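Below are the sequence and a predicted model for it; my questions follow.
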Amino acid sequence: MLTLKIAAAFDGDVIVAGAGPAGAAAAAHLADAGFAVLLIDHQQFPRDKVCGDFVGPAALLELHRLGMAALPGYRQTNIIHEAALYLNGRHLITHPIPRVAGMPAHGRVIARKALDQWILDRARAAGARVLENTRVQGFASDAGGVSVTVKGPAGRATLRAQALIGADGSSSVVARLLRGHAVPDRNRIVAMRCYMDGLPDTGNRCDLYFSDATFPGYYWLFPTGPNAANVGIGMVRETLPRNEEHLRQRMLQLLTSDPALRARLGNAQLRGPVTGWPLTTYDAALPCVGRRVLLAGDAAGLINPLNGEGIQYAMLSGRWAAETLIAARARDDFSHAGLLPYAQRIERELRFDMALARLIVQLIRNRHLTPLWLEALHIIVARARADPAYADITGGVLAGLVPARRVMGADILRKSAQQAVLSLAGMGAQHLLRGRAHCLRLGLRTGTAAAGVALSMAAHPRAALDWGLGVAGSALELGGGVAGALLRPGAQEHTPAAPDYRSRSIM
Ligand SMILES: Cc1cc2nc3c(=O)[nH]c(=O)nc-3n(C[C@H](O)[C@H](O)[C@H](O)COP(=O)(O)OP(=O)(O)OC[C@H]3O[C@@H](n4cnc5c(N)ncnc54)[C@H](O)[C@@H]3O)c2cc1C
């Protein structure tokens, strides 16, 4: 039986389930504010976590807030100044990480074994009690507190606290109990990664690769140091038609078949296994607070489904959860209503971004339409090449640095539409110049492809209907926000009320 009594009735003010970036950041902020915190993880640290290891500027800002930029290990990590995009082995664009006022103008690649240990140490140094090898199995809230059932080396125990933060990752037990069900497949992305050594020269550039074969998904190369990299692939789980291919096989094959990736890897060798992990995307319909309970990070589905980035949202939501509990204690109100400001904050800061990302993912999960989506990518890239300000905003949104409402602004939409007209007109002119017979062949090919799409959708009517409903639902969810943003005067420069981050402008 665990004996961590700090007061007659409680084992701690707050119990945090999960000591990843979300839980450890929350514990550090709460302990800084004088809370008695129990931080519980079922693993022993330092532990590895399957991840691309890319830590973007917004996450770096959170690390700076916790004073971690001064750590010698942190300063030795690889800095990333730019990102490149490839399609079917061909280079599309390389662009610097957008400079956003108040944020570092770079990212870093930090192995999770180190990063998560640093944040955990920071929480411990602030006074949080850490219980490793201890699994949270359930909880029950009542008017006087929350009881949390745990199983550790000494057996089962029930701990009592004023509040619980569920930061136990993408298969969160706390989220499942709060919501009454497991994560639906449509909210899942599967991803795998491996480490490679012996690269010719990794430099300070991250690469993202798209291809017909792997869409709707992408693969990446993030340099971890001078001659080493984290290489991985991510894909939405529910596609139409279903993707039966094994992701690990696909990834191993890409290492040798994709010309751009192969050029970057040279004679690099695999170090260790190829390992996978699921990601959970945000679903605004699902609660992230209950009586005395809040969800943070992956447990709340705070992943940008466009780029798989979640560390920044984990650290931010960990801090927001802590700030909400600090205010709740001042009012002595840990009720559902008392914790709702946390959900409202997520909504205010992130919901629009998540809704846009969700709509895009809904659209691209229909693999019949892959040529269309890849053409859209070409159009966006063509504009970005000619217009650095456009590239900063679209790239900034992709990296989660700039609020997504900026791409829905009239100016960016107009530029994208202009580019689409130019690109399509250019393609049309090229085809016309190649003669009548070529145009007839092209028409035939397009008609055959369209018929193929229709037939294939007819062969999977249930899946096609689900897809259509999913698109409509996501469009409706986004619609309210877009209408508000576009109708409001000065909408493009609008920043949300009481903004916390990313309200800063691109420099
Ligand atoms: C292949 C892959 C690549 C990715 N690449 C990137 C990237 O490059 N950049 C980026 O920003 N994000 C990336 N992500 C997402 C990122 O890894 C997550 O968003 C991030 O780890 C979320 O942090 P967290 O603290 O919420 O959860 P986690 O980091 O998952 O931490 C959860 C913790 O809870 C513990 N736990 C789980 N269940 C229990 C339980 N019942 N009781 C006690 N403890 C429990 C776990 O042991 C773990 O330590 C990637 C994800 C994957 C799968």
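Perfect, thanks for sending it. Numbers count the residues shown, from 1 in each chain.

Can you list the residue ranges for strands in the stretch 251-400 of the chain?
269-280, 289-290, 293-295 (DSSP state E, counting those that start in this stretch).

I'd like those strands as a markdown table, with mean neighbour count and distance to the ligand appended.
All C-beta atoms are positioned from the backbone trio N, CA, C, and that covers glycine. Shown next, in a markdown table, are the strands of the stretch 251-400 of the chain (neighbours: other Cβ atoms under 10 Å; distance: least, Cβ to the nearest ligand atom, whole Å):
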| stretch | mean neighbour count | distance to the ligand |
| --- | --- | --- |
| strand 269-280 | 16 | 4 |
| strand 289-290 | 22 | 16 |
| strand 293-295 | 29 | 9 |
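
Going by mean pLDDT, which of these comes out lowest?
The stretch with the lowest mean pLDDT among the strands of the stretch 251-400 of the chain is strand 269-280, at a mean of 93.

Off-centre distance for that one?
17 Å (Cα atoms, centre = their mean, to the nearest Å).

Residues in contact with that strand: which ones?
With Cβ atoms under 8 Å, 6 or more residues apart in numbering as the test, strand 269-280 has contacts from 49-51, 170-171, 183, 187-198, 228, 234, 237, 247-248, 251-252, 298, 301, 303, 305, 308, 310.

Which of those are buried, as a ChimeraX select command?
To isolate the buried members of those in ChimeraX, using 16 or more other Cβ atoms under 10 Å:
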select :49,50,51,170,183,187,188,189,190,191,192,193,194,195,196,228,234,237,247,251,252,298,301,303,305,308,310
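
Within reach of the ligand, which of the contacts of strand 269-280 are there?
Lys49, Val50, Cys51, Ala191, Arg193, Asp298, Ile303, Gly308, Gly310 (Cβ under 6 Å from any ligand atom).

a markdown table please, covering the strands of the stretch 251-400 of the chain and showing distance to Ala128.
Below are the strands of the stretch 251-400 of the chain laid out as a markdown table (distance: least, Cβ to Cβ, whole Å):
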| stretch | distance to Ala128 |
| --- | --- |
| strand 269-280 | 25 |
| strand 289-290 | 22 |
| strand 293-295 | 16 |
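
where does this protein come near the ligand, residue by residue?
Going by Cβ under 6 Å from any ligand atom, the residues of the chain near the ligand are 17-23, 40-43, 49-54, 135-136, 167-169, 173, 191, 193, 232, 277, 279, 297-299, 303, 308-312, 314.

what's the closest of the strands of the stretch 251-400 of the chain to Leu374?
Relative to Leu374, the nearest member of those by Cβ to Cβ is strand 269-280, separated by 22.6 Å.

partner strands of that closest one, parallel or antiparallel?
Strand 269-280 pairs in its sheet with strand 188-197 (antiparallel), by DSSP bridges.

pLDDT on the partner strand, on average?
The model assigns strand 188-197 a mean pLDDT of 93.

got it, and stretch 315-334?
98.

Now do that stretch: distance to the chain's middle.
The answer for stretch 315-334 is 23 Å, by Cα atoms, centre = their mean.

Mean confidence (pLDDT) on the helix or strand containing Arg250, please.
Assessed by DSSP states H and E, Arg250 sits inside helix 247-257. Here helix 247-257 scores 92 as its mean pLDDT.

what angle separates that helix from strand 188-197?
Between helix 247-257 and strand 188-197, the angle comes out at 40 degrees (axes from the mean of the first three to the mean of the last three Cα atoms, to 10 degrees).

by contact count, what packs against helix 247-257?
strand 188-197, strand 228-236, helix 259-265, strand 269-280 (3 or more Cβ pairs under 8 Å, 6 or more residues apart in numbering; DSSP states H and E).

Before I go, just wanted to say thanks for your time.
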